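Peer 1: coords please:
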Amino acid sequence: MKKSIKLTLIGSFAALSLFAGESGAELFKEKCAVCHMQTKPTPEQKRNMVAPPIMGVMFHVKEKYGDDKKKAIEFIKDYVMNPSEDKALCLPRSIKRFGLMPSQKGSVTQEELEKIAEYMYDNFPPKGFKHPKMK
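Peer 2: Residues are numbered from 1 along each chain as shown. Coordinates of the predicted model:
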């Protein structure tokens, strides 16, 4: 009995260690890319999108917060957990098309969200990205 409890505890700690080691990219892929594409969508993909591509989302975040990475990350963490139309940075047509992002409370931890937000800030939008509103 003691041996099985020890093995269970060891297994649990090992699993937690592996999970804690997930990178922002891995967490984004697992928790965000289900809805937010990471690449420019094809016309066919555009018809089937359920959320704006992350490069467009981050264009608007950086448009507001610029080089202030800390404020941008705080905004992302707050918005993901407590989205509202007042806080939304995307264009009104995006909200009309996709609706507000549902709260991710219970789906992502603050630690995961920190890694995801840093990854998003550091990687999106890619250099040379042109937002459709800029055309």
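Peer 1: which residue packs closest to His131, ignoring adjacent ones?
Peer 2: Spatially, and ignoring its direct neighbours in sequence, His131 is nearest to Phe59 (4.8 Å; Cβ to Cβ, 6 or more residues apart in numbering). For glycine as for every other residue, the C-beta is placed from the backbone atoms N, C-alpha and C.
Peer 1: what about dumping the CA coordinates of the helix or strand hosting the one you found to CSV?
Peer 2: Secondary structure assignment for Phe59, by DSSP states H and E: helix 54-65. The C-alpha coordinates for helix 54-65 follow below in CSV (Å, rounded to 0.1, in the frame of the first residue of the first chain):
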residue,chain,number,x,y,z
ILE,A,54,-3.5,35.7,-33.7
MET,A,55,-1.3,37.9,-35.9
GLY,A,56,-4.2,40.3,-36.2
VAL,A,57,-5.0,40.2,-32.5
MET,A,58,-1.4,41.0,-31.6
PHE,A,59,-1.3,43.7,-34.2
HIS,A,60,-4.0,45.5,-32.3
VAL,A,61,-2.4,44.8,-28.9
LYS,A,62,0.9,46.2,-30.1
GLU,A,63,-0.9,49.1,-31.8
LYS,A,64,-2.2,50.1,-28.3
TYR,A,65,0.7,49.1,-26.1
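Peer 1: Return the set of buried residues in it.
Peer 2: Judged by neighbour count (16 or more other Cβ atoms under 10 Å), helix 54-65 contains these buried residues: 54-62, 65.
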